[in-house]
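> what shape does this take:
(4 chains)
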Protein chains: 2
Amino acid sequence: MQVKICNATVTCLDQLGYAETTFAKVQAKAGISRGAITHHFPTKQALVAATAMRLLGNAQNPLWPHNRAPQPVYDLIMSAWANIVNSAGGRAIVEILVACRTDPALFGMLEQSLREWDKSNLSLISARYVSATGNRDDTELLWSIARNFLRGLLLHEKFVSSPEYLTQMMDRFARMMESQLQVLPENDVEEVE
Amino acid sequence: MQVKICNATVTCLDQLGYAETTFAKVQAKAGISRGAITHHFPTKQALVAATAMRLLGNAQNPLWPHNRAPQPVYDLIMSAWANIVNSAGGRAIVEILVACRTDPALFGMLEQSLREWDKSNLSLISARYVSATGNRDDTELLWSIARNFLRGLLLHEKFVSSPEYLTQMMDRFARMMESQLQVLPENDVEEVE
DNA sequence: GTTTACAGACCAACTGTTCTGTTTTTATGA
DNA sequence: TCATAAAAACAGAACAGTTGGTCTGTAAAC
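Okay, the predicted model is just below:
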């Protein structure tokens, strides 16, 4: 039931935005009663926060296949965009991040989790890729930059002059990252603690 | 009066977000009557759209001083962040862009203007800076990337592990851009049409 | 005297939240 | 094993507050 509610919330956030994501809309989308939502999530912030946590859990894995060689940097950037950021879940996360900026209650519920997700996400990168400088901190900086660029691109997407231009931007950025970041040689792969 | 209303709207968007930016709040912030707002802006979308147009007009100039040499690329990136994106107006714009994604009425009002602003903004860059490849399209791609990164950074700002880390990201990104973009030699400066 | 600029009351619709019921599950104890 | 109590899961009505938008009234400008 909680899964069903959160899935409906993701759809609402993606299609309607945070402001229009109301109990009534989520209820209708999930095809359940009002009481079911309020029982599990007493406030709107609790609902959105729980949805965010669920999304973060799902957004961790798909980029780095287990027991297989990490994909090239160029492909990594491209699939991060296509499979994570520019997906219903990714767009929902952006809505939530924006809401966090001005909603202290929501921010308080998510701050710690988001910080921890950030940290673990960066260590996943460090375990598989390394900056051309060989510096681990620099690897994480580069990945942080990439994530922020992709999120920013989501806001601009509807105003991009043409779909091809968006492709060009992605290609240009991926090539730039490719020159700064590289796959770790196999024998150097560290285990994520 | 319209200026006063729009300024109050910017403050509300920045501090309260799009959802909480209501006629009542703008009215109170501007210290005027309800009728004054609804007279000039019949709908909320019209109010926000007019505010966005005003913001875009103001965000055009400050980066490139007239009749003086363009600042170095590193400084350009830094001041774009500090003076444009991470300002009340910049944050308000991001709120509006996010709202546009899911509000068709608002999107319709702003689509054309935003596309035009985008175009003129890119041509301002091309008039003063050039990609290391010498390609004008590449110059614009690089600037588009920079803008999207900065906007994305705004969403992440509250969750960055420490203020210093944000500084490091900015520094790293600015240095990366510095290696790809350069100030146009003076005699090559084209006039903006 | 007609249009524009503002003031403020008004309204139906919707918001998040609380509340009281009903059903289902789970735990308990002999 | 099974009655039974307690808790959790759900359903849906109710509510006060707020929303965007409209409507009438008045003052000023042209």
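> distance check, residue A:41 against DNA strand D.
Using CB to the nearest atom of the strand, to the nearest Å, residue A:41 is found at 11 Å from DNA strand D. Heads up, the C-betas are built off the backbone N, CA and C, glycines and all.
> give me the neighbour count for that residue.
For residue A:41, the neighbour count with other CB atoms under 10 Å in any protein chain shown is 21.
> find the nearest non-adjacent residue to it, please.
residue A:47 (3.8 Å; CB to CB, 6 or more residues apart in numbering or on different chains).
> which outside residues touch the helix or strand hosting that neighbour?
Taking DSSP states H and E as the definition, residue A:47 sits inside helix A:44-58. Residues outside helix A:44-58 that contact it (CB atoms under 8 Å, 6 or more residues apart in numbering or on different chains): A:2-3, A:5-6, A:9-10, A:13, A:18, A:21-23, A:26, A:37, A:40-41, A:89, A:92-93, A:96, A:99, A:103, A:105-106, A:109-110, A:113-114, A:117.
> which residue does chain A have closest to DNA strand D?
When scored by CB to the nearest atom of the strand, chain A has residue A:35 as its residue closest to DNA strand D, at 1.9 Å.
> below-threshold pLDDT in chain A: ranges please.
For chain A, the stretches with pLDDT under 70 are A:61, A:186-193.
> all helices for it, in order.
Here chain A has its helices, by DSSP state H, at A:2-20, A:23-30, A:34-40, A:44-58, A:73-79, A:88-102, A:104-126, A:136-156, A:163-178.
> as a markdown table, those helices with mean neighbour count would be great.
Below are the helices of chain A laid out as a markdown table (neighbours: other CB atoms under 10 Å in any protein chain shown):
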| stretch | mean neighbour count |
| --- | --- |
| helix A:2-20 | 20 |
| helix A:23-30 | 17 |
| helix A:34-40 | 14 |
| helix A:44-58 | 20 |
| helix A:73-79 | 18 |
| helix A:88-102 | 23 |
| helix A:104-126 | 16 |
| helix A:136-156 | 22 |
| helix A:163-178 | 17 |
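> distance to residue B:134 added to these, as JSON lines?
Below are the helices of chain A laid out as JSON lines (distance: least, CB to CB, whole Å):
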{"stretch": "helix A:2-20", "distance to residue B:134": "41"}
{"stretch": "helix A:23-30", "distance to residue B:134": "52"}
{"stretch": "helix A:34-40", "distance to residue B:134": "58"}
{"stretch": "helix A:44-58", "distance to residue B:134": "43"}
{"stretch": "helix A:73-79", "distance to residue B:134": "23"}
{"stretch": "helix A:88-102", "distance to residue B:134": "35"}
{"stretch": "helix A:104-126", "distance to residue B:134": "33"}
{"stretch": "helix A:136-156", "distance to residue B:134": "24"}
{"stretch": "helix A:163-178", "distance to residue B:134": "15"}
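> circling back to that earlier point, so, in contact with DNA strand D or not, the helix holding residue A:47?
No - using CB under 7 Å from any atom of the strand, we find that helix A:44-58 stays clear of DNA strand D, coming within 13.0 Å at best.
> ok, residue A:23 - contacts?
By CB under 8 Å, 6+ apart, the contact set of residue A:23 is A:34, A:37-38, A:44, A:47.
> need the contact list for residue A:128.
A:64, A:70, A:183-184, A:189.
> err, residue A:119, not the other one
Counting by CB under 8 Å, 6+ apart, residue A:119 touches residue B:161.
> same thing with residue A:36?
Contacts for residue A:36 (CB under 8 Å, 6+ apart) come out as A:1, A:5, A:27.
> can you do 7 Å?
For residue A:36, the contacting residues are residue A:1, by CB atoms under 7 Å, 6 or more residues apart in numbering or on different chains.
> how much space separates it from DNA strand C?
Per CB to the nearest atom of the strand, residue A:36 is found 10 Å from DNA strand C.
> equivalent analysis for residue A:71, please.
40 Å.
> in chain A, which residue sits closest to DNA strand C?
Closest approach between chain A and DNA strand C, counting by CB to the nearest atom of the strand: residue A:22, at 3.0 Å.
> check contacts around that residue.
Neighbour list for residue A:22: empty [criterion: CB under 7 Å, 6+ apart].
> measure it to chain B for me?
Separation of residue A:22 from chain B (CB to the nearest CB, to the nearest Å): 11 Å.
> repeat for residue A:3
From residue A:3 to chain B the distance is 24 Å (CB to the nearest CB).
> leaving out sequence neighbours, find the closest residue to that residue.
Leaving out its chain neighbours, the residue that sits closest to residue A:3 by CB to CB, 6+ apart is residue A:54, at 7.7 Å.
> backbone phi and psi for the closest residue to residue A:183 other than its chain neighbours, please?
In this structure, residue A:183 finds its nearest non-sequential neighbour in residue A:70, 5.2 Å apart by CB to CB, 6+ apart. Dihedral pair for residue A:70: phi -60, psi 150, per degrees, to the nearest 10.
> dump the residue contacts of residue A:29.
Applying CB under 7 Å, 6+ apart to residue A:29 gives the contacts A:8, A:11-12.
> include distance to residue B:127 when you put those residues into TSV, please.
TSV is the format used below for the contacts of residue A:29 (distance: CB to CB, whole Å):
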residue	distance to residue B:127
A:8	49
A:11	44
A:12	44
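> what residues does chain A put near chain B?
A:15-20, A:94-95, A:97-103, A:107, A:111, A:114-115, A:118, A:141, A:144-145, A:148-153, A:155-156, A:158-159, A:161, A:168-169, A:172-173, A:176, A:180 (CB under 7 Å from any CB of the partner chain).
> near DNA strand D, which residues of chain A?
Counting by CB under 7 Å from any atom of the strand, the residues of chain A near DNA strand D are A:1-2, A:32-36, A:38-40.
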